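Trainee: return a 3D structure for these sequence lines:
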Amino acid sequence: MTTGILDYQSDAIVQLMNMAEEEWTEQELKDALQRAIMLELSTIPPYATALWSITDADNSKPVRHTIREIVFDEMSHFGLVCNMLTSIGGTVVLTDPATVPKYPGELPGGVNPGLEVFLSGLTRESACLFSDIEKPEHPLAFAADGNTIGAFYQRIANVFPRFAHLLTGQRQVSFQLGSSHGAGNDIVPMNTIDDVLKAINIIQEQGEGTTASPLNPFPGSPDELAHYYAFKEIAVGRKLVRNDQTREYEFTGPDVPLPDTSPVARVPAGGWANSPGNEPDQTTAALLHTFNQHYSDMLHALQDAWGDAGADSIGPAIGLMGSMRRTAQQINGVKLPSNPRFTYGPEWLLVQ
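Mentor: Here you go, the predicted model:
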């Protein structure tokens with residue numbers, strides 16, 4: 001089978017899901033893990049763009065806190081899958097133009113077909129998009145088949161034990177996030193198949209909840225919802241509560257007001273230079289380039305962390321994420337020439 005591993009816009013995950021589990025070889029498993037890395041990476045730009053559009057910088061405020069914690073979860077998931085791939089002898093690829101997320105566009109590999117992912121400020125509509133990204137086929141239950149993210153991870157979990165003998169524990173990155181963001185958020189080495197299956201379970205349940213509860217079983221704070229339900233609350237504008245009579249979960253609780261945000265418009269394909277009437281002036285173009293350069297440098301640092309440089313590159317990558325946030329907030333303050341009710345937003349483009 002040819003999955004076109006470096007083609008973000010292929011249907012490689014659909015192809016993998018259509019293969020019988022017993023037909024997977026070592027190469028299919030490595031391809032699947034690279035795809036999972038691309039999936040985790042693809043969620044961070046839209047979530048972070050929405051987060052950074054919130055004007056109140058107080059991280060304890062409910063909606064900001066929720067999205068920020070989810071971004072950290074996704075970063076942890078990304079690190080865990082990178083460890084899975086390198087432990088079986090694979091190579092993490094992040095800086096090839098074919099692997100970098102494309103917006104607007106579908107998720108990599110054909111997951112959730114028809115869902116167009118875009119970059120914009122936080123709105124009810126963008127929160128609905130985020131819940132659709134995280135949605136299991138059957139809320140409150142894992143997806144056993146189909147082309148959702150949870151189903152794809154379940155397939156990896158089903159296949160991986162046949163290749164447990166490949167685990168070497170080499171080129172592993174350890175990074176402690178659990179004390180600040182929840183017990184499941186530490187990036188830990190993948191030395192055994194138990195390590196792998198535990199990590200996949202964390203990724204699934206933080207995103208989808210469990211078969212019995214919408215709560216995140218690995219929360220950073222009490223009563224933290226899994227990603228799908230947390231985003232759905234923001235999209236619907238009501239808290240999730242359990243109906244005492246039916247025992248079903250419903251979005252009928254107290255209001256969830258949106259925080260004040262910069263009105264960041266949807267970023268056009270290829271960046272703002274492709275938006276007639278909104279071509280950035282020299283100052284704005286410099287800000288956009290600075291952000292894109294920081295993003296590209298971060299990808300290189302992360303790739304190096306799972307390559308020859310080792311965990312020493314994690315610190316610089318985190319520092320670059322902070323620089324990206326500060327630059328994005330500057331970009332968010334610049335009004336669009338053709339429609340000053342909205343502002344520019346970061347482009348998340350790879351700089352060669």
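Trainee: tell me where the protein has helices.
Mentor: 12-18, 26-52, 62-87, 124-134, 149-159, 178-181, 193-208, 227-236, 282-305, 314-331 (DSSP state H).
Trainee: can I get stretch 218-238 as CSV, trimmed to CA atoms?
Mentor: The C-alpha coordinates for stretch 218-238 follow below in CSV (Å, rounded to 0.1, in the frame of the first residue of the first chain):
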residue,chain,number,x,y,z
PHE,A,218,-7.0,13.3,33.2
PRO,A,219,-8.0,16.9,34.1
GLY,A,220,-6.0,19.8,35.1
SER,A,221,-8.8,21.0,37.3
PRO,A,222,-11.9,19.3,38.8
ASP,A,223,-14.9,18.6,36.5
GLU,A,224,-12.9,19.4,33.4
LEU,A,225,-14.8,18.2,30.3
ALA,A,226,-13.3,16.2,27.5
HIS,A,227,-12.5,18.4,24.4
TYR,A,228,-15.6,17.6,22.4
TYR,A,229,-18.0,18.6,25.2
ALA,A,230,-15.9,21.6,26.3
PHE,A,231,-16.0,23.1,22.8
LYS,A,232,-19.6,22.2,22.4
GLU,A,233,-20.5,24.2,25.5
ILE,A,234,-18.8,27.3,23.9
ALA,A,235,-20.5,26.7,20.6
VAL,A,236,-24.0,26.2,22.0
GLY,A,237,-23.5,28.8,24.7
ARG,A,238,-24.9,26.6,27.5
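Trainee: relative to Glu134, how far out is the residue of the chain most remote from its centre?
Mentor: In the chain, Gln245 marks the outermost C-alpha relative to the chain mean, sitting 36.0 Å out by Cα atoms, centre = their mean. To Glu134, Gln245 is 28 Å away according to Cβ to Cβ, to the nearest Å. C-beta coordinates here come from the backbone N, C-alpha and C atoms, glycine included.
Trainee: before we move on, the earlier item: mind putting the helices of the chain in CSV, mean pLDDT included?
Mentor: Formatted as CSV, the helices of the chain follow (pLDDT from 0 to 100):
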stretch, mean pLDDT
helix 12-18, 91
helix 26-52, 96
helix 62-87, 96
helix 124-134, 96
helix 149-159, 92
helix 178-181, 71
helix 193-208, 93
helix 227-236, 95
helix 282-305, 97
helix 314-331, 94
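Trainee: want to throw those into a markdown table with distance to Ala265 and mean neighbour count?
Mentor: Below are these laid out as a markdown table (distance: least, Cβ to Cβ, whole Å; neighbours: other Cβ atoms under 10 Å):
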| stretch | distance to Ala265 | mean neighbour count |
| --- | --- | --- |
| helix 12-18 | 30 | 19 |
| helix 26-52 | 11 | 23 |
| helix 62-87 | 19 | 23 |
| helix 124-134 | 11 | 20 |
| helix 149-159 | 27 | 20 |
| helix 178-181 | 30 | 15 |
| helix 193-208 | 28 | 21 |
| helix 227-236 | 19 | 24 |
| helix 282-305 | 13 | 19 |
| helix 314-331 | 11 | 17 |
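Trainee: looking at these, which is nearest to Thr95?
Mentor: When those are compared by Cβ to Cβ, helix 282-305 sits nearest Thr95, at 5.1 Å.
Trainee: run through who's touching that closest one.
Mentor: Helix 282-305 is contacted from outside by 82, 92-95, 100, 173, 271-273, 280, 311-314, 316-317, 320-321, 323-324, 327-328, 330-331, 334, 344, 346-351, using Cβ atoms under 8 Å, 6 or more residues apart in numbering.
Trainee: excluding sequence neighbours, find me the nearest residue to the residue most central in space within the chain.
Mentor: Using Cα atoms, centre = their mean, the residue of the chain that lies closest to the mean C-alpha position is Thr43, 2.7 Å off. Counting by Cβ to Cβ, 6 or more residues apart in numbering, the nearest residue to Thr43 once its immediate chain neighbours are dropped is Glu74, at 5.1 Å.
Trainee: same question, Gln352
Mentor: Setting aside the residues directly before and after it, Gln352 is nearest to Pro97 in space (Cβ to Cβ, 6+ apart), at 7.4 Å.
Trainee: that's all I had, so thanks and see you.
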